[in-house]
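Colleague: Give me coordinates for this.
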Amino acid sequence: MTETPEAINIRELMEYYGLKGVFGRVRLYLRQLKSYVLQALAMGSPLPGLTVLLQRARGVKIGKHVYIGPGVMFDELYPQLIAVEDYVSIGMQTLVFAHSNPTCSLELKQNYFPRKVAPTAIKKGAWIPPRCVILAGVTIGENAVIGAGSVVIRDVDPYTIVAGVPAKVVRDIREPAVDA
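Modeller: Numbers count the residues shown, from 1 in each chain. Sure, this is the predicted structure:
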């Protein structure tokens with residue numbers, strides 16, 4: 001009998017966290033519940049400082065002088081794989097992932113897009129305006145700027161502006177802007 005997609009997802013999570021058996025499954029569910037509650041509180045917080053504290057409690061590594069806007073969501077399952085360095089600003093409703101997984105399609109999951117779990121880093125001074133999506137395994141370089149609403153699928157070099165879906169390089173901010 002073929003394993004269901006749901007069973008595969010649970011097995012993969014339990015293997016990742018080194019959990020086994022019924023008690024391991026209970027620990028996994030409690031871990032997910034804690035993460036979900038802290039995430040919900042953080043997303044709804046009107047206070048950026050409280051948002052930072054709640055996300056740190058989930059395991060997100062967050063530096064000093066970081067602004068996290070309302071509705072920002074960090075990966076639900078692997079928050080500990082996300083690192084946000086000092087002086088970063090993340091605008092409202094941005095999504096930052098440390099995994100991707102075609103949850104329900106066995107065909108996609110087994111043949112084309114296996115679960116990807118990879119650290120995601122936002123380096124010192126980066127600016128991420130509202131409604132951006134940062135995919136698993138991406139590093140946003142120091143003092144990089146992301147255009148509002150962009151989907152970042154590749155690493156962004158330091159001091160670079162990227163924008164679009166998918167995000168593409170607009171220019172190096174160390175070079176003077178060229179007026180048309």
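Colleague: Can you list the helices and strands that the lowest-mean-pLDDT helix or strand in the chain packs against?
Modeller: Ranked by mean pLDDT, DSSP states H and E, the weakest helix or strand in the chain is helix 106-111, scoring a mean of 83. Helix 106-111 sits against helix 5-17, with contacts defined as 3 or more C-beta pairs under 8 Å, 6 or more residues apart in numbering; DSSP states H and E. To be clear about C-beta, it is placed using only N, CA and C from the backbone, and glycine gets the same treatment.
Colleague: Helix or strand next in line after the helix it packs on, which one?
Modeller: Per DSSP states H and E, the first helix or strand lying C-terminal to helix 5-17 is helix 21-44.
Colleague: Show me which residues of that next one are buried.
Modeller: Buried positions in helix 21-44, judged by neighbour count with 16 or more other C-beta atoms under 10 Å: 24, 28, 35, 38, 39, 41, 42, 43.
Colleague: got a list of contacts for that helix?
Modeller: 10, 13-14, 17, 19, 50-51, 54-55, 57-59, 68, 70-74, 76-77, 79 (C-beta atoms under 8 Å, 6 or more residues apart in numbering).
Colleague: change it to 10 Å
Modeller: 10, 13-20, 50-60, 68-80, 92-93 (C-beta atoms under 10 Å, 6 or more residues apart in numbering).
Colleague: now stretch 118-132: mean pLDDT?
Modeller: For stretch 118-132, mean pLDDT is 98.
Colleague: Convert that stretch to PDB, retaining C-alpha atoms only.
Modeller: This file holds the C-alpha atoms of stretch 118-132, laid out as PDB (Å, rounded to 0.1, in the frame of the first residue of the first chain):
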ATOM      1  CA  ALA A 118      17.100  25.100   3.800                       C
ATOM      2  CA  PRO A 119      18.200  28.000   5.900                       C
ATOM      3  CA  THR A 120      17.000  31.500   4.800                       C
ATOM      4  CA  ALA A 121      19.100  34.500   5.800                       C
ATOM      5  CA  ILE A 122      18.400  38.200   5.700                       C
ATOM      6  CA  LYS A 123      21.700  40.100   6.200                       C
ATOM      7  CA  LYS A 124      22.400  43.300   8.000                       C
ATOM      8  CA  GLY A 125      20.600  46.500   6.800                       C
ATOM      9  CA  ALA A 126      18.400  44.800   4.200                       C
ATOM     10  CA  TRP A 127      15.000  46.400   3.500                       C
ATOM     11  CA  ILE A 128      12.100  44.300   2.500                       C
ATOM     12  CA  PRO A 129       8.900  46.400   1.900                       C
ATOM     13  CA  PRO A 130       5.400  45.000   2.200                       C
ATOM     14  CA  ARG A 131       4.000  41.800   0.700                       C
ATOM     15  CA  CYS A 132       7.200  40.200  -0.400                       C
END
